[in-house]
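Visitor: below: sequence and its predicted model.
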Amino acid sequence: MTEKPLSEQEIIRRQKLQELENLGINPYPPESFLVNVTAKDIKQNYERDKLNYKDVSIAGRIMSVRDMGKAAFAVIQDATEKIQIYIKRDEICPDENKKLYDIVWKKLIDIGDIIGIKGYVFTTKTGEITIHVLDLNLLAKSLHPLPVVKVDESGKAHDAVTDPEFRYRQRYVDLIINPPVKDIFIKRSKIIQSIREFFNNKGYLEVETPILQAIPGGAAARPFVTHHNALDTSLYLRIANELYLKRLIVGGFDGVYEFAKNFRNEGMDRTHNPEFTGLEIYVAYKDYVWMMEFTETMIEKVVADLYDTSLLEVGNNKIDFKAPFKRISITDAIKEKTGLDIAHATETELKSLCKKHGIETEETMGKGKLIDEIFSILCEKDLIQPTFVIDYPIESSPLTKKHRNKAGFVERFELYINGQEIANAYTELNDPIDQYQRFEEQATLKQKGDDEAMYMDYDFIRALAYGMPPTAGLGVGIDRLTMLLTNQHSIQEVILFPQMRPEKILETEKENIP
RNA sequence: GAUUCCGUAGCUCAGUCGGUAGAGCAUUACACUUUUAAUGUAAGGGUCCCGGGUUCGAGUCCCGGCGGAAUCACCA
């Protein structure tokens, strides 16, 4: 509870709580309530199997009430959807005592309360499938008024709560009153389930690796720092799990994967949350060519599991997820846009290309960063259909094996869909001496002032020195994949509790805790 | 971190030129035994985000702060 004085409505509800207790009704009863049907089940199956719905028991939250004196209609919502109920005074109160209806139902039960009812299903004269209530139980009293969203005949919502701050801070309310929100998170769960099933069917092992790391490795990003008291040492929240999964490949597993919460101490916007979910998988004896086929098969399956089709409308685009996806090298992609073959361009030529297209550059930017910049500004947004962009410059890929026949490039692909990067994969660098040199180059960049350059990790070098089989690795941004597959514009819409500045009321309350 | 916009009842929102704070829903009371954005009648409910300033007078104008959103930068 907050320090704020109670509103009129909250005071009234607390009084009702007392009155319920005076009547001997526990507003928070401990017993289980036996539920034998869902609202969705009734709505889908009642018409063709009426006999099956003569004795239903269902629980849910009251969303609206239409009171007509000695009878009333209300709408309850369970985990599946809303359904109308019909309560007649003389049926729930067959004898002289009408208290349950006149006092409990009409005065003490409110919108937002959770009730359990028993009765039978029928169709009203206006044709709505409705539960005729014979038995009414209060299961939990609601003390905080629930915003009421009314939906008219055309399905249009009136007075819908759209304020993002309200919706994200009180996601529990958002989930109750904005049904499409719930659907997004059900789909998110299905996406993860579908991917996990795809991997498990191939015999790959789901593992867990450290979130608290002494050396934050596997990506170029600023980490969160924390402190371990007993060890008296700084630890970092992981920015990626890549180096640990590869250690497991050294250890003899031939396929390992992890859905990993990663943490990056950087800006927040509609595509970035400080904690986000990455999926990484590493498979021994494979290369990035194999990984492309693996990835497109997986994405096609996930989309099919969700929608039973490979065609999806995302924003204004129609996207076809049918494998195989298009492949294009980053050099060809840039050549198509600019006419310049960056494979043989010097740093000065790249900088003048940037200038020509109005791309800002910095002194510290090497060839790799320049090419990244040119690509992301000129090419990315036009990659609508699923496209593998392949063969990146070596400078910005310190964990990737050198290309088998393109000097200065590595065996890496990124998957773009709807102008967004969805996945990133390599033929993993398993040459310990080469890896050591790449880390050294990163260290030099760090000295030059690049605070996102990777840290040297001697233990990882030691692991590679024991011998890591040739390996292909893939990383997928689960939040962004979910955004894509649920047609959401903002990452906050696909994370249940997105990061927000702590609420002030709660801060002052904390000080009041003895 | 920068810029722009926003903050009024539990919720959604009006609020004119600076002059007594408004509506719908929700709440309370009464009526109503098949309604469905139920209906009818009546009532209550406000730290106008916070703090300064200008003014006879500020929800309104100015400055600062807090919170949010959008765009940009960093990044996935």
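Guide: Yep, it's here. Quantities reported herein were computed from a predicted structural model and do not represent experimental measurements. Numbering: from 1, shown residues only, chains lettered A, B, ... in the order given.
Visitor: can you list the residues of the stretch 1-150 of chain A near RNA strand B?
Guide: If contact is defined as CB under 7 Å from any atom of the strand, the residues of the stretch 1-150 of chain A in contact with RNA strand B are A:7-9, A:12, A:16, A:64-71, A:73, A:84, A:86, A:88-90, A:107, A:110-111, A:122, A:124-128, A:130, A:132, A:145, A:147-148, A:150. (Each C-beta comes from the backbone N, C-alpha and C, glycine too.)
Visitor: now with 6 Å?
Guide: In this structure, the stretch 1-150 of chain A approaches RNA strand B at residues A:7-9, A:12, A:64, A:66-71, A:73, A:84, A:88-90, A:107, A:110-111, A:124-128, A:130, A:145, A:147-148, A:150, judged by CB under 6 Å from any atom of the strand.
Visitor: repeat for the stretch 201-350 of chain A
Guide: Residues of the stretch 201-350 of chain A lying close to RNA strand B (CB under 6 Å from any atom of the strand) are A:219-221, A:264, A:266-267, A:269-274, A:276.
Visitor: how much space between the residue at the greatest distance from the centre of chain A and RNA strand B?
Guide: For chain A, the largest distance from the centre (CA atoms, centre = their mean) belongs to A:Glu96, which lies 54.3 Å off. Note on A:Glu96: its distance to RNA strand B, by CB to the nearest atom of the strand, to the nearest Å, is 13 Å.
Visitor: likewise A:Leu484?
Guide: As judged by CB to the nearest atom of the strand, A:Leu484 and RNA strand B stand 12 Å apart.
Visitor: pretty sure that residue is touching A:Glu421, no?
Guide: No: distance between A:Leu484 and A:Glu421: 10.6 Å, which falls outside the contact criterion (CB atoms under 8 Å).
Visitor: follow-up on the earlier one: as TSV, the residues of the stretch 201-350 of chain A next to RNA strand B with pLDDT would be great.
Guide: Conversion of these to TSV gives the following (pLDDT from 0 to 100):
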residue	pLDDT
A:Ala219	88
A:Ala220	84
A:Ala221	86
A:Arg264	91
A:Glu266	86
A:Gly267	82
A:Asp269	87
A:Arg270	87
A:Thr271	90
A:His272	91
A:Asn273	92
A:Pro274	91
A:Phe276	94
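Visitor: what subset of those is buried?
Guide: Among those, the ones that count as buried by 16 or more other CB atoms under 10 Å are A:219-221, A:264, A:271, A:273, A:276.
Visitor: would CSV of the residues you listed with distance to A:Ala343 and secondary structure be doable?
Guide: CSV is the format used below for these (distance: CB to CB, whole Å; DSSP: H, G, I helix; E, B strand; the rest coil):
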residue, distance to A:Ala343, secondary structure
A:Ala219, 26, coil
A:Ala220, 23, coil
A:Ala221, 28, coil
A:Arg264, 31, coil
A:Thr271, 30, coil
A:Asn273, 36, coil
A:Phe276, 33, strand
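Visitor: what about A:Leu484 and A:Glu421, which has more around it?
Guide: For the pair A:Leu484 and A:Glu421, the greater number of neighbours falls to A:Leu484 (24 against 16), based on other CB atoms under 10 Å.
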